[in-house]
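Peer 1: With the input below, show me the fold.
(5 chains, ligands or ions: 4)
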Amino acid sequence: SQQEEETDGKTKVTLFMGYIPSVQFAPVYVAAERGYFADEGIEIVFENSFNEADGVERLASNNLRFGLISGEQVLLARANDRPIVYVLEWYHNFPVGIVSAVDQNITQPEDLRGRVVGIPGLYGASYIGFRALLNASGLTESDLGELRSIGFTAPENICEDKVEAAVIYIANEPLTIEQQCSEVNVIKISDYVTLVSNGLVTNEQTIREQPELVRGMVRAIQRGIADVIADPDAAFEISVRDYVKDLPQDQYETQRQVLANSIELWRSDQQLGQTTPAAWETTQEILIQAGLMSEPLDDVTACYDMSFLSQ
Amino acid sequence: MSDQTILAAEQISHLYPDGIHALDNVTLRLACESFVCLVGPSGCGKSTLLRILAGLLPPGAGHVLLDEQPITQPQRRIGIVFQKANLLPWRTVYGNLSLPLELAGMPVAERDERTLAMLNLINLEEFADTYPASLSGGMAQRIAIGRALIHDPQVLLLDEPFGALDALTREQMSEELLRIWARHRKTVLMVTHSIPEAVLLADRVLVMSPRPGRIVADVEIPLSRPRSLDLLHRPDFVALTERLRHSIRTAH
Amino acid sequence: MSDQTILAAEQISHLYPDGIHALDNVTLRLACESFVCLVGPSGCGKSTLLRILAGLLPPGAGHVLLDEQPITQPQRRIGIVFQKANLLPWRTVYGNLSLPLELAGMPVAERDERTLAMLNLINLEEFADTYPASLSGGMAQRIAIGRALIHDPQVLLLDEPFGALDALTREQMSEELLRIWARHRKTVLMVTHSIPEAVLLADRVLVMSPRPGRIVADVEIPLSRPRSLDLLHRPDFVALTERLRHSIRTAH
Amino acid sequence: MNSRVQTVDEGRPDHQTVPASSLPSTLLVAQSRPRTRWNLLLAPTVGIILLLIWEGVAQSGWYASFIVPSPVRVANRWWALAADGSLLRHTAVTLREVLTGMMVGVLAAFWLGYAIAKSRTAAYALTPYLVALQAVPIVAIAPLLIIWFGAGIASKVIICALIVFFPMLVNTVIGIRGIPPELRDLMRSLEANPFQTFWHLELPAAMPVVIGGLKVSATLSVIGAVVGEFVSASAGLGYLVNFGRGTYDTPLVIAAVFTLTALAMTLYGLAAWLEHILLDWHKAIQN
Amino acid sequence: MNSRVQTVDEGRPDHQTVPASSLPSTLLVAQSRPRTRWNLLLAPTVGIILLLIWEGVAQSGWYASFIVPSPVRVANRWWALAADGSLLRHTAVTLREVLTGMMVGVLAAFWLGYAIAKSRTAAYALTPYLVALQAVPIVAIAPLLIIWFGAGIASKVIICALIVFFPMLVNTVIGIRGIPPELRDLMRSLEANPFQTFWHLELPAAMPVVIGGLKVSATLSVIGAVVGEFVSASAGLGYLVNFGRGTYDTPLVIAAVFTLTALAMTLYGLAAWLEHILLDWHKAIQN
Ligand SMILES: Nc1ncnc2c1ncn2[C@@H]1O[C@H](COP(=O)(O)OP(=O)(O)OP(=O)(O)O)[C@@H](O)[C@H]1O
Ligand SMILES: Nc1ncnc2c1ncn2[C@@H]1O[C@H](COP(=O)(O)OP(=O)(O)OP(=O)(O)O)[C@@H](O)[C@H]1O
Ligand SMILES: [Mg+2]
Ligand SMILES: [Mg+2]
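Peer 2: Numbering: from 1, shown residues only, chains lettered A, B, ... in the order given. Ligands and ions are numbered 1, 2, ... in the order given. Okay, the predicted model is just below:
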């Protein structure tokens, strides 16, 4: 089930990304463009999907070796015997937040009382993040007017006033809403609680059998993140020129802003790519509270392995 | 039998879409309560003419008049027995027979009574609950005849109704038809291929030419009524059949 | 005509699944090159018997022997004309006629030649490219007959082949059948409802009883051959028809 | 000796091997299709074999248990789900969507198909739009439907109705168009009114093909509900599948999928049963 | 005066109102169905009206422009996509999946359906499993198929084939089972071998219903490809739809959906064309 093969002495590696091609993946595009993967002997192939869980299953069954996956998925997956490991933090800040039109006056979690809140579904990063936020603010789901599953249609629902607030990814969706209908307020979950955010995930077999490959992937992506933070404009040009095709010109301004927002998520006060152990504990607690995990893992630290990080 | 015309075809011509010229300027008048037979070679347009008279097929040219009124739609007053039995495969023998009564909205009790009587007449009582798929050819044809008779239409158009019947049943059904005709004062136009049958039954026999069908002879049958099968051997009967056979041969 | 039996039914009985007892212990032997007619009331089991003889229907009890060998499958040596025309609606008249030759794998040139000859025989040249939906009843039946004759089977089973034909065509086809039979030395078993037709054509006429069908009379027709339509008025012919009519009446 | 298969399978055993003499004709047994009990055992047997293979693969260790959980674990998960009543609750939600959707879709398709089969004008005016409507990939516009009709049951019913629509429509048109014109002539000659023609001729004549459409629709309708629930839902079996996937609970996913399958099969079975009781005459012909 | 609709629509005008005397019979015009040109204009007219309504709604400002973009914007987006060649590229990807999937699914369904229609044993052994297979909601197991068969074209082809399978199967069974037994008898009496029976009787007789199945399959196959591309793909029209959704590029979504629709309609059109040329005799009967 391995799709990798040796070509010209290079290892072909497929990197799974749980979202459509987007400037939010600029670091890997930059790394590819500037030969950082090639430097590690890797021929990189990007695979985009729309469902992280599919990616996790494929990583766990060694159908794939690397993917960019939400942190809480690693906990959940390991709780269900999936042997996957988080080897590099991608976003430093948890990328989920609550958006609402300004006239709703929702600026802090407390304001959500009695409101109709839209959420993609009762699982996944959005739900975990939202639970954590409620928790941190002493609220429960029953304090809300309604928690409504709306799929990935937050902008439509906000603009049509079908919900009063919605759980979203903060890098792009608030921008869409502002562009389309209304100024917004965004409550960033990372301001209230520290959760594990997305990271580069591989599986135990790969770590065991090809540690150098893992090290190479980590290093290339680390370099990519650093480059993007240092020179957003160049990163943007590279992304839209070769990787995010089908993007019309009139979207460029918005997408530049999306990139800027993403950079805020990548930026870290500690070493780039280093995860915060406490965040894993917090996330696990939330998962247990939400009923998504029945008991704590024997060893939470087995979820991540920071030994491949280069200094 | 009166002299009044009940059903008439006036200068009917018909061309099928594929260019087959089926009928050419056919005019015929059915006197009230008369029994007319129509003979003619295969494919000459007899069935086409019957379909036009029944109002099922609009003729290419000409009119059909029922009681002097032009008709453009089928009329319940005109009953028709098709050349194929055309039974509904999802209805039993009983259901097929009672169909016309059901469509006419007759109350169930009366319907049952009439249907049973008809089953009896066509001698198929024990097959009341059988589906058409398990009937013999002759049984299907008997049902088709019964179905046309059951709602007692004024005019009967019969397209070779006895084709698939054995000699004896055929004779029985012919006599039955004569009896019904005499009792209920119906007007009958019947296509047949049997010359003796035509002579036995009809007041007039019309002979059609090969396609395009025209009426080339109109033979009066002056035998007295009531008639029975004994006629078959009488010299005037034989002479009439000979005459008819001759005029058909000429028409070919 | 020889005395050797080519096709035989031995003690055939048949019950349909719905309990209809169609045939009861029927035994019959068709002598090689003989012409046998089968008459009997509607629904007595004639078609059933033909289907069994053709190998299309396994009998409830009894055997069918072709050349002394039991058969359980239809044989190309046995041609059958069904009571319904059974034409393939997606094939033209030409295509329907040539079907048996095509199935037998005959080369195109020979096939064309034979089909054209047959079209000519049944007088339907101008309809070669017509689909069955636009044929008259008699035309369809002529094609069904042509289709059974075209591949020249040794034994012919005919189920009322002339039912839908007008008197003249019927006589023509009968004479044609006699000619083919005499020329090609075929064995023919034909169901008919016309007593004169049976007497005119057959060496022997078998009479069946009403259901359950049994063979109740086996009448030799000692008229000399070749026969023609002139026979119809000869006293020995009339006597034979009367005798036959009588034995049918008794059977009923 | 050809075309054997057909003969044997049509259940016409070679009865002529029974010597007639040994069988008084009055004792002749009616030849009905032999209802071989072996045939009925075939399907369960295949089923048990498949189950054993599954268990074997699960125990072999070739696959991690999260990829191929053993049937026993799936069964346990299913029982747990059934025991706490949540299976019933989710099934009820989906069933309601499916039944409503089918009713709407099937009825609309039948009547539109009827109109198209009978009227050239309707055929010209409607066909291109109905084809276009059906050609729009429903999964691609499902999110749009959720926006237009809300995240409640309405949107799922509409998705369900849309996906069920076309097979019914096409088969209705074929069924009605296939009615022999002679039988129409018969009804016309008896002055049957349009309703009588429909009831006594068109409906029964078209039934075999129409029920075929219904069978296809029955299985598609469940897919429709799942599509809708995938996009957005907080209950229903499709939601359960998605939830199981999101929480890496493979036994739950499999249990939910099996329940959905059972649902679809039940609907299909209803259609087959309808066929059985309505098409008695049709089976008789096939014998 | 009832059953009017039917008569008028069957194109049998009341010619008998023409006085026969004024018409020498040799000049009689063959009565063909009148091909009213008005009918052909109906569909485009409805289309234009729908387009105008859409434009009206877009301009009204009731909806944000990213929910209901104007037709002009959609057309522009489509042109842009077509101009830079990416439309062709994505369409080619989807088309390849759809055609391969249809071929596999339709052929498999036809032969299995044929077997089921002809053999009781096959019917008993296979039917429950085929129904079960079809009853498994394909959208629910699409991710599994991707895991098993990879993210490449194979998994999409399989999804496509699976979704296309059932309508073809059901209609093939109905078509083959509906063949009048008399015609089978005819073929048997001519000692037709199984292939000849198939080619000269079964195929043409079942064709009207089978092509109905093909029409349904044609539109479903596109849905199948989209389902596959939704789960994982980096090209194809389904991918484009998802990409457009992710970037809130509604004109792109609509342009891609329209292209998918056009694809499905083309496939449907091919099936209809096949019907047209193969079923000449069938149309003749309907006249
Ligand atoms: N497929 C069938 N299933 C059940 N019963 C049948 C079937 N075919 C014929 N029968 C019954 O068997 C009996 C004999 O039918 P058969 O067709 O052999 O009669 P027949 O002598 O040919 O009559 P006809 O002269 O009217 O054609 C009839 O009572 C009929 O109802
Ligand atoms: N629906 C049709 N379409 C085209 N042509 C037709 C149609 N029906 C009949 N015809 C043609 O019209 C001619 C007359 O047919 P019709 O059925 O009226 O003959 P008929 O006199 O009843 O013959 P038969 O005694 O053989 O039944 C035939 O040549 C036939 O081919
Ligand atoms: Mg006729
Ligand atoms: Mg018979």
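Peer 1: what mean pLDDT would you report for stretch A:297-311?
Peer 2: Confidence for stretch A:297-311, expressed as mean pLDDT, is 88.
Peer 1: actually stretch B:171-191, sorry about that
Peer 2: When pLDDT is averaged along stretch B:171-191, the result is 82.
Peer 1: Would you mark the buried spots in it?
Peer 2: Within stretch B:171-191, the residues that qualify as buried are B:171-175, B:177-178, B:180-181, B:186-191, counting by 16 or more other Cβ atoms under 10 Å in any protein chain shown. Any C-beta I mention is one placed from the backbone N, CA and C, and that applies to glycine too.
Peer 1: Equivalent analysis for stretch B:146-156, please.
Peer 2: Neighbour-count burial for stretch B:146-156 flags B:Gly146, B:Arg147, B:Ala148, B:Leu149, B:Ile150, B:His151, B:Pro153, B:Gln154, B:Val155, B:Leu156 (criterion: 16+ other Cβ under 10 Å).
Peer 1: neighbouring contacts of that stretch?
Peer 2: Identification of contacts with stretch B:146-156 by Cβ atoms under 8 Å, 6 or more residues apart in numbering or on different chains yields B:6-7, B:30, B:66, B:76-81, B:96-101, B:104, B:114-115, B:118-119, B:121-122, B:158, B:161, B:180, B:184, B:186-190, D:190.
Peer 1: other SSEs contacting the lengthiest helix in chain D?
Peer 2: Counting residues, the longest helix found in chain D (DSSP state H) is helix D:86-118. On a contact count with 3 or more Cβ pairs under 8 Å, 6 or more residues apart in numbering or on different chains; DSSP states H and E, helix D:86-118 meets helix D:71-83, helix D:120-135, helix D:153-177, helix D:203-231, helix D:237-246, helix D:250-278, helix E:4-9.
Peer 1: Check which residues of that helix are buried.
Peer 2: For helix D:86-118, the neighbour count (16+ other Cβ under 10 Å) marks D:87, D:90-91, D:93-95, D:97-98, D:100-102, D:104-106, D:108-110, D:112-118 as buried.
Peer 1: quick check: angle from that helix to helix D:120-135?
Peer 2: Orientation of helix D:86-118 against helix D:120-135 (axes from the mean of the first three to the mean of the last three Cα atoms, to 10 degrees) gives an angle of 150 degrees.
Peer 1: how far off helix D:250-278 does helix D:86-118 point, in degrees?
Peer 2: With the same axes, to 10 degrees as the basis, helix D:86-118 and helix D:250-278 are set at 40 degrees to each other.
Peer 1: what about the residue of the stretch 51-200 of chain A found nearest ligand 3, distance to ligand 4?
Peer 2: Here the stretch 51-200 of chain A gets closest to ligand 3 at one residue, A:Gly151, 66.0 Å apart by Cβ to the ion. Distance from A:Gly151 to ligand 4, counting by Cβ to the ion, to the nearest Å: 67 Å.
Peer 1: and that residue, how many neighbours?
Peer 2: 21 (other Cβ atoms under 10 Å in any protein chain shown).
Peer 1: do the one 10 residues further on as well
Peer 2: As a burial measure, the neighbour count of A:Asp161 was computed by other Cβ under 10 Å and equals 12.
Peer 1: What parts of chain B come near chain D?
Peer 2: Within chain B, the positions near chain D by Cβ under 8 Å from any Cβ of the partner chain are B:51, B:54-56, B:73-76, B:78-80, B:82, B:84, B:86, B:88-91, B:99-100, B:102-104, B:131, B:133-134, B:151.
Peer 1: can you map out the strands along chain A?
Peer 2: With DSSP state E as the criterion, chain A has strands at A:6-7, A:10-17, A:42-48, A:66-69, A:84-89, A:96-101, A:116-119, A:146-149, A:165-169, A:184-188, A:199-203.
Peer 1: Among those strands, which comes closest to chain E?
Peer 2: Smallest distance to chain E across the strands of chain A (Cβ to the nearest Cβ): 5.7 Å, for strand A:42-48.
Peer 1: now check that closest one, is it near chain E?
Peer 2: Yes: with Cβ under 8 Å from any Cβ as the measure, strand A:42-48 is seen reaching chain E through A:Phe46, A:Glu47, A:Asn48.
Peer 1: D:Ser70 and chain E, how far apart?
Peer 2: Using Cβ to the nearest Cβ, to the nearest Å, D:Ser70 is found at 17 Å from chain E.
Peer 1: what does D:Ala108 give?
Peer 2: Distance of D:Ala108 to chain E, given as Cβ to the nearest Cβ: 16 Å.
Peer 1: now do A:Tyr123
Peer 2: 15 Å.
Peer 1: what's the answer for D:Val216, then?
Peer 2: 5 Å.
Peer 1: Do you know the pLDDT at B:Phe127?
Peer 2: B:Phe127 carries a pLDDT value of 91.
Peer 1: could you check the distance from the residue nearest to it when sequence neighbours are not counted over to chain E?
Peer 2: Nearest non-adjacent residue to B:Phe127, counting by Cβ to Cβ, 6 or more residues apart in numbering or on different chains: B:Val93, 4.9 Å away. Distance, B:Val93 to chain E, by Cβ to the nearest Cβ: 19 Å.
Peer 1: Could I get the contacting residues of B:Val93?
Peer 2: B:Leu119, B:Leu124, B:Phe127, B:Ala128, B:Asp129, B:Thr130, B:Tyr131, B:Pro132, B:Leu135, B:Met139, B:Ile143.
Peer 1: need the contact list for the fourth one.
Peer 2: Meaning B:Ala128. By Cβ under 8 Å, 6+ apart, the residues touching B:Ala128 are B:Thr92, B:Val93, B:Tyr94, B:Leu119.
Peer 1: Quick check: which helices or strands does the lowest-mean-pLDDT helix or strand in chain B pack against?
Peer 2: In chain B, no helix or strand scores lower on mean pLDDT, DSSP states H and E than helix B:167-184, which sits at a mean of 78. Counting contacts by 3+ Cβ pairs under 8 Å, 6+ apart, helix B:167-184 packs against helix B:137-150, helix B:195-201, helix C:235-251.
Peer 1: Contacts for it, please.
Peer 2: With Cβ under 8 Å, 6+ apart, helix B:167-184 has contacts from B:35, B:121-123, B:138, B:142, B:145, B:149, B:152, B:161-162, B:165, B:186, B:188, B:197, B:200-201, B:225-229, C:39, C:41-42, C:193-195, C:245, C:248-249, C:252.
Peer 1: Drop anything exposed from these.
Peer 2: Judged by 16+ other Cβ under 10 Å, buried ones among those: B:35, B:121-123, B:138, B:142, B:145, B:149, B:161-162, B:165, B:186, B:188, B:197, B:200-201, B:227, C:39, C:41-42, C:193-195, C:245, C:248.
Peer 1: neighbours of the residue lying closest to D:Ser234 once chain neighbours are set aside, just the number please.
Peer 2: Excluding the flanking residues, the one nearest D:Ser234 by Cβ to Cβ, 6+ apart is A:Ser149, at 4.6 Å. Look at A:Ser149: counted by other Cβ under 10 Å, it has 21 neighbours.
Peer 1: do the one 4 residues further on as well
Peer 2: Look at A:Thr153: counted by other Cβ under 10 Å, it has 23 neighbours.
Peer 1: D:Val104 touches D:Ala161, doesn't it?
Peer 2: Yes: the criterion here is Cβ atoms under 8 Å, and D:Val104 meets it with D:Ala161 at 4.2 Å.
Peer 1: Give me the distance between B:Gly62 and chain E.
Peer 2: 4 Å.
Peer 1: which SSE is that residue in?
Peer 2: Here B:Gly62, judged by DSSP states H and E, is contained in strand B:61-66.
Peer 1: need the next SSE after that strand, C-terminal direction.
Peer 2: Next helix or strand after strand B:61-66 toward the C-terminus (DSSP H and E): strand B:69-70.
Peer 1: Ignoring the adjacent residues along the chain, who's closest to residue 127?
Peer 2: You didn't say which chain, so I picked chain A. A:Ile119 (6.2 Å).
Peer 1: The intended chain is chain D.
Peer 2: The shortest distance from D:Thr127 to any non-neighbouring residue, by Cβ to Cβ, 6+ apart, is to D:Ile116 (6.3 Å).
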